[in-house]
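Student: following is a predicted model, sequence given first.
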Amino acid sequence: MSLLTLFTAPKPFTNPHIALIQRNALRSWLALGDEVQVMVIGEEEGLGDTARELGVLHLPQVARNESGTPLVSSIFDLARQHSSSPLLAYANADIILLPDLLSAARQVMAQREKFLMVGQRWDLLQETGLDTAEGWNERLLKHLQTAGRRHPRGGSDYFLYPRTCFEHIPAFAIGRAGWDNWMIYEARQRGWSVVDTSSAVNIVHQDHDYSHLPNGQSHYRLPETKVNVKLAGGDRTIFTLEDADCVLDNGKIKPFPVNAAKFWRELETFPLRRLHSLPLGRLFYAIFHPQRAYREWRTWLRERKMNQSETKSA
């Protein structure tokens with residue numbers, strides 16, 4: 001039995017560069033060895049051929065929303081149903097993973113029963129195929145020191161957790177904003193340890209454009225992102241790596257370092273995490289950020305009036 005099942009829902013393989021970086025990512029996952037099971041989910045063009053070429057499990061029958069976008073809930077359910085690994089991890093299909101992921105996973109699993117592992121990524125322009133011959137990870141780490149760029153801590157590109165966690169997930173659209181933030185929020189409000197492994201795990205995001213999305217727009221601007229945020233419970237559930245409560249430091253789980261910003265953020269989100277109250281969460285947000293809360297209220301009011309006008313005219 002494998003220790004870890006890695007799964008993803010790739011984009012179509014029609015764009016040559018997207019196809020290249022997705023194959024690179026999958027090859028890096030396979031290079032982690034027999035302790036890892038790799039599966040790809042969806043019916044995107046070229047995915048079946050790539051799965052057969054690389055010898056990874058392909059699960060095509062994923063549920064989709066009305067726009068045809070695969071649903072996160074279905075992706076996670078399929079991965080759980082077709083694996084027996086004690087650990088599961090979703091990673092974006094453009095992410096190169098290195099052996100330090102497995103080392104960190106073993107260390108965290110030995111210290112916590114329920115947890116979510118997340119971490120900061122490196123950004124790298126990768127225009128050639130990934131060579132996974134012996135020593136590939138050392139070569140890549142050396143290359144990152146000169147060509148890589150540390151990405152801001154706002155986004156999350158992988159989520160590693162025990163199979164007893166995240167058994168119920170809203171019908172988020174994959175590849176759109178909001179659902180990844182909800183993963184951190186959900187873990188915190190359930191009392192699971194959110195372990196920031198940024199200093200222990202190197203993950204590499206390969207640069208790409210947004211030509212695979214409607215009109216080439218960033219996923220932040222798409223209507224499905226608004227739906228995701230609504231399903232998550234609203235803007236207050238937008239948690240980031242700064243909302244982790246633990247870090248992995250030299251193999252040991254330690255409390256997240258507390259500075260003034262962290263202290264006030266924990267206080268602000270207390271009603272969400274401990275009292276499970278979105279109304280109180282909104283109230284605390286308004287107290288801590290009155291100007292932003294006012295602007296959000298004005299935007300909500302304007303959109304509400306527009307929707308009412310459209311309903312009347314229809």
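Tutor: Right, received. Where do you want to start? Residues are numbered from 1 along each chain as shown.
Student: tell me the pLDDT at the nearest residue to residue 92 once chain neighbours are set aside?
Tutor: Among residues not flanking residue 92 along the chain, residue 157 sits closest, at 4.8 Å (Cβ to Cβ, 6 or more residues apart in numbering). The way it works is simple: take the backbone N, C-alpha and C, and place the C-beta from them, glycine included. pLDDT for residue 157: 95.
Student: and residue 153, by the same measure?
Tutor: In this model, residue 153 is scored at 89, pLDDT.
Student: check which helix or strand it maps to.
Tutor: Assignment of secondary structure by DSSP states H and E places residue 153 within no helix or strand.
Student: so how far is residue 71 from it?
Tutor: 27 Å (Cβ to Cβ, to the nearest Å).
Student: low-confidence ranges in the stretch 101-250 of the chain?
Tutor: Residue ranges of the stretch 101-250 of the chain with pLDDT under 70: 210-221.
Student: now the helices for it?
Tutor: Along the stretch 101-250 of the chain, counting by DSSP state H, counting those that start in this stretch, helices occupy 136-147, 179-189, 223-232.
Student: picking that back up, more crowded one of residue 153 and residue 71?
Tutor: Ranked by neighbour count (other Cβ atoms under 10 Å), residue 153 and residue 71 place residue 71 first, with 20 against 16.
Student: quick one on the thing from earlier: which one of the helices of the stretch 101-250 of the chain lies nearest to residue 100?
Tutor: For these, the distance to residue 100 is smallest for helix 136-147, at 8.1 Å, taking Cβ to Cβ.
Student: report the buried residues of the closest one.
Tutor: 136, 137, 140, 144 (16 or more other Cβ atoms under 10 Å).
Student: which strands and helices lie in contact with it?
Tutor: If you count contacts as 3 or more Cβ pairs under 8 Å, 6 or more residues apart in numbering; DSSP states H and E, helix 136-147 packs onto strand 121-124.
Student: in its sheet, which strands sit next to the strand it packs on, and in what direction?
Tutor: Each strand paired with strand 121-124, and its direction, by DSSP bridges: strand 149-150 (antiparallel), strand 203-206 (parallel).
Student: and the ones you listed, which is most packed in?
Tutor: Among the strands paired with strand 121-124, judged by mean count of other Cβ atoms under 10 Å, the one packed with the most neighbours on average is strand 203-206 (a mean of 24).
Student: separation between residue 68 and residue 7?
Tutor: 20 Å.
Student: residue 133 now?
Tutor: With Cβ to Cβ as the criterion, residue 133 and residue 7 are 25 Å apart.
Student: those two - which one has more neighbours?
Tutor: Set side by side, residue 133 and residue 7 show more neighbours around residue 7, with 25 against 7, by other Cβ under 10 Å.
Student: if we can go back for a sec, need the strands paired with strand 121-124 in JSON lines (columns: distance to residue 75).
Tutor: Output for the strands paired with strand 121-124, formatted as JSON lines (distance: least, Cβ to Cβ, whole Å):
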{"stretch": "strand 149-150", "distance to residue 75": "28"}
{"stretch": "strand 203-206", "distance to residue 75": "19"}
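Student: quick one: which of these is nearest residue 19?
Tutor: The nearest among the strands paired with strand 121-124, by Cβ to Cβ, is strand 203-206 at 11.7 Å.
Student: list the contacts of residue 186.
Tutor: Residues near residue 186 by Cβ atoms under 8 Å, 6 or more residues apart in numbering: residue 166.
Student: quick check: the gap between the closest residue to residue 54 other than its chain neighbours and residue 97.
Tutor: Nearest residue to residue 54, sequence neighbours excluded (Cβ to Cβ, 6+ apart): residue 26, at 5.5 Å. According to Cβ to Cβ, residue 26 stands 10 Å off from residue 97.
Student: can you tell me the helix or strand for residue 266?
Tutor: Following DSSP H and E, one finds residue 266 within helix 260-268.
Student: tell me the buried residues in that helix?
Tutor: Neighbour-count burial for helix 260-268 [16+ other Cβ under 10 Å]: 265, 266, 268.
Student: likewise for stretch 94-113?
Tutor: 94-99, 101-102, 104-105, 107-109, 112.
Student: again, but for stretch 225-244
Tutor: Neighbour-count burial for stretch 225-244 flags 225, 227-229, 231-233, 235-241, 243-244 (criterion: 16+ other Cβ under 10 Å).
Student: farthest-separated two in the residues you listed?
Tutor: The most widely separated members of the buried residues of stretch 225-244, counting by Cβ to Cβ, are 227 and 244 (26.1 Å).
Student: contacts only, for residue 197.
Tutor: Residues in contact with residue 197 (Cβ under 8 Å, 6+ apart) are 104, 108, 117, 118, 119, 247, 248.
Student: in TSV: those residues, plus distance to residue 206.
Tutor: Output for the contacts of residue 197, formatted as TSV (distance: Cβ to Cβ, whole Å):
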residue	distance to residue 206
104	21
108	26
117	21
118	19
119	17
247	26
248	24
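Student: nearest to residue 128, of these?
Tutor: Of all those, residue 119 has the smallest distance to residue 128: 25.3 Å, by Cβ to Cβ.
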